[in-house]
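S.K.: predicted model, plus sequence, below.
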Amino acid sequence: MAIERSEVEKIAHLARLGLDEADLPRTTETLNNILGLIDAMQAVDTDGIAPLAHPLETTQRLRVDLVTEANRREAYQAVAPAVEDGLYLVPKVIE
Amino acid sequence: MHQLTLAEIVRGLQDKQFSSEELTGALLARIADVDTRLNSFISVTGDLAIADAKAADARRAKGESDPLLGAPIAHKDLFCTEGVLTTCGSKILHNFKAPYDATVVAKLKEAGAVSLGKLNMDEFAMGSANESSHFGPVKNPWDTERVPGGSSGGSAAAVAARLIPAATGTDTGGSIRQPAALTNLTGIKPTYGRVSRWGMIAYASSLDQGGPMARTAEDCALLLGAMAGFDPKDSTSIDQPVDDYLAVLAQPLAGLRIGLPKEYFGAGLDPRIADKVMAVVEELKKLGATVKDISLPNLQHAIPAYYVIAPAEASSNLSRFDGVRFGYRCEDPKDLMDLYKRSRAEGFGDEVKRRIMVGTYALSAGYYDAYYLKAQKIRRLIKNDFVSAFEGVDVILGPTTPNLAWKLGEKGGDPVSAYLEDIYTITANLAGIPGLSMPAGFVDGLPVGVQLLGNYFQEGRLLNVAHQYQQVTDWHQQAPSGF
């Protein structure tokens, strides 16, 4: 399943990755090489085989619904690029 | 002092032959002197290390006797370390000082181990050569024109060059075992869920697992014993007691059943490596092991399945790096979309972007069944291969890598050829079983590794086999000249 340049642009958008116009041909070629490797999978007979998501097939544990974490907002926001009054700053979203 | 193994250091500290402060100071001086040739450390935390060493000496003076008290180590730079730079080898985290300690870091700290710093790695652990790090490639101490393997390449180079006796690493598709093989070390990837992933920056969450890298199986046993255990903070952690890995080392190998999978010795394997692997088999037979040919028929499908599952999980995990809450943000974003796209485009390197794109594609509408679901079905076939194999054997033995350490830059332009190097290691991650690599000799002066795979929670058995082998051979004692 080879992909076209337009699809590469769409994937980059979905992944929120800026893409340089000049890099598009090279990126498309590399992705197609990788997808070529992956496509070998399609020849494998997996009829009746259930997908395996967790190697030990355990389920998520539940815990008692209690607040267990301390409020460490300042420590967590100390590593943010831009904060003010405890809020994360981003460019204006609503015009 | 730098020639001592971790176990020898433990004894030296217990017998008061030297203090942790003296040892830590000596190793820090050596790192400053030697690491310019290797680039194995991203951060050296000298002041912190000396303070921790003094604290460990004080604890010992008061009568504490934890074996790792005062023992020097270093962490792969994807384990979060409170207040210390944690970059994951990426520009996007170039300024990230973690606000908390990973469970592994906290456990080793509590045991009294002294961390000397943070080790270089492939960006977000994506690579087999340690060439994708934002902080530059790591050199192999056995030949500084060659790669040390990856992604735990900094851990491997630092331990192989005797800068530190042992280090933490992580293994998503071979990232502990392959660099261990290429640098003459012993390294073990435990059963999935055995070591907490909390505070380990995620690459592929259903495959990632932390583990130790050291020069001997005994040292790995020491470190793994302190790293392993149930952690309620990791939802995939397994609530099962940790075996006493040191206690099982001395078990005789009489009656050990070894399986040799024919698929591991096919085309693509350097015949000189195959010879070394068979020599290990002969040695283990002398120790009482029996050998049987087995088959893991789905081996060839592991690479395509892995290169769907790992990128798919990565594309989801790495969406958190958005230029808002931590890490790199682009200059003057014109709107929110521009902020996301440019921060990520400028912050991630090429290999990370490639895997995010492949993963995004595999998970996108219309392709999920053909890619992700198909890969998960193949994952079960691979697990089933191991389940049947372990009905007849105790351990599976084969090469860790198909080739010797390659030259820096040799595979830079071709990701697919680098992916193929992972063939023997990725199945353990897909199935979730433990795997160990140990030194098996040299070809043209470069180390060869042999891999042992075990059934779920059989870490002790793997360490036992490696330890017994290391009692009758001295490959693991060979040191790279010039270090």
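M.R.: In hand now; what should we look at?

S.K.: gap between the residue in the stretch 51-200 of chain B positioned nearest to chain A and B:T87?
M.R.: Here the stretch 51-200 of chain B gets closest to chain A at one residue, B:P99, 4.2 Å apart by C-beta to the nearest C-beta. Just so you know, the C-beta spots here come from the backbone N, C-alpha and C atoms, and that holds for glycine as well. From B:P99 across to B:T87, the span is 15 Å (C-beta to C-beta, to the nearest Å).

S.K.: ok, the two, which is more surrounded?
M.R.: B:T87 (26 against 17; other C-beta atoms under 10 Å in any protein chain shown).

S.K.: with adjacent residues omitted, what lies nearest to the more buried one?
M.R.: B:L93 (4.7 Å; C-beta to C-beta, 6 or more residues apart in numbering or on different chains).

S.K.: next up, the contacts around that neighbour.
M.R.: B:T86, B:T87, B:I201, B:F321, B:F326, B:G327, B:Y328 (C-beta atoms under 8 Å, 6 or more residues apart in numbering or on different chains).

S.K.: and residue 53, what's its pLDDT?
M.R.: With no chain named, the answer covers chain A. Listed pLDDT for A:A53 reads 89.

S.K.: looking at chain B here, not the other one
M.R.: Looking at B:A53, its pLDDT is 98.

S.K.: what about it, which SS state?
M.R.: With DSSP: H, G, I helix; E, B strand; the rest coil as the basis, B:A53 sits in helix.

S.K.: would you enumerate the residues in contact with it?
M.R.: So B:A53 contacts B:S19, B:S20, B:E21, B:L23, B:T24, B:G25, B:G70, B:P72, B:V114 (C-beta under 8 Å, 6+ apart).

S.K.: any weak-confidence spans in the stretch 251-400 of chain B?
M.R.: Of all residues in the stretch 251-400 of chain B, none has pLDDT under 70.

S.K.: state the number of residues packed around the closest residue to B:F18 other than its chain neighbours.
M.R.: Closest residue in space to B:F18, ignoring its immediate chain neighbours: B:G12 at 5.7 Å, by C-beta to C-beta, 6+ apart. If you count neighbours by other C-beta under 10 Å, B:G12 ends up with 18.

S.K.: ok, now A:N32?
M.R.: A:N32: 16 neighbours (other C-beta under 10 Å).

S.K.: all strands of chain A, in order?
M.R.: A:83-84, A:87-88 (DSSP state E).

S.K.: most packed of these?
M.R.: strand A:83-84 (a mean of 12; mean count of other C-beta atoms under 10 Å in any protein chain shown).

S.K.: other SSEs contacting that one?
M.R.: For strand A:83-84, there is no helix or strand it packs on, judged by 3 or more C-beta pairs under 8 Å, 6 or more residues apart in numbering or on different chains; DSSP states H and E.

S.K.: A strand includes B:K383, no?
M.R.: No: according to three-state DSSP, B:K383 belongs to no strand; its state is helix.

S.K.: where does chain B get nearest to chain A, residue-wise?
M.R.: Closest point on chain B to chain A, by C-beta to the nearest C-beta, is B:G432, at 2.3 Å.

S.K.: which residues sit in contact with the nearest residue to that residue once chain neighbours are set aside?
M.R.: Distances taken as C-beta to C-beta, 6+ apart place A:P55 nearest to B:G432, at 2.3 Å, with adjacent residues excluded. Applying C-beta under 8 Å, 6+ apart to A:P55 gives the contacts B:Y192, B:G193, B:S206, B:K383, B:L430, B:A431, B:G432, B:I433.

S.K.: how much space separates the residue lying closest to the fourth one once chain neighbours are set aside from B:M227?
M.R.: I take that to be B:K383. What sits nearest to B:K383 in space, not counting adjacent residues and going by C-beta to C-beta, 6+ apart, is B:A431, at 4.3 Å. For B:A431, the distance to B:M227 equals 21 Å [C-beta to C-beta].

S.K.: same check, this time on B:M213
M.R.: If you go by C-beta to C-beta, the gap between B:M213 and B:M227 works out to 11 Å.

S.K.: what's the helix or strand for the nearest residue to B:F230 once chain neighbours are set aside?
M.R.: Using C-beta to C-beta, 6+ apart and skipping the chain neighbours, the partner closest in space to B:F230 is B:D239 (4.5 Å). Assigned by DSSP states H and E, B:D239 falls within no helix or strand.

S.K.: sorry, back to before: now the phi/psi pair for the residue nearest to B:G432, please.
M.R.: phi -60, psi -30 (degrees, to the nearest 10).

S.K.: that older thread, ok, the residue of chain B closest to chain A - contacts?
M.R.: Applying C-beta under 8 Å, 6+ apart, we find B:G432 in contact with A:H54, A:P55, A:L56, B:T191, B:Y192, B:G193, B:K383, B:Y456.
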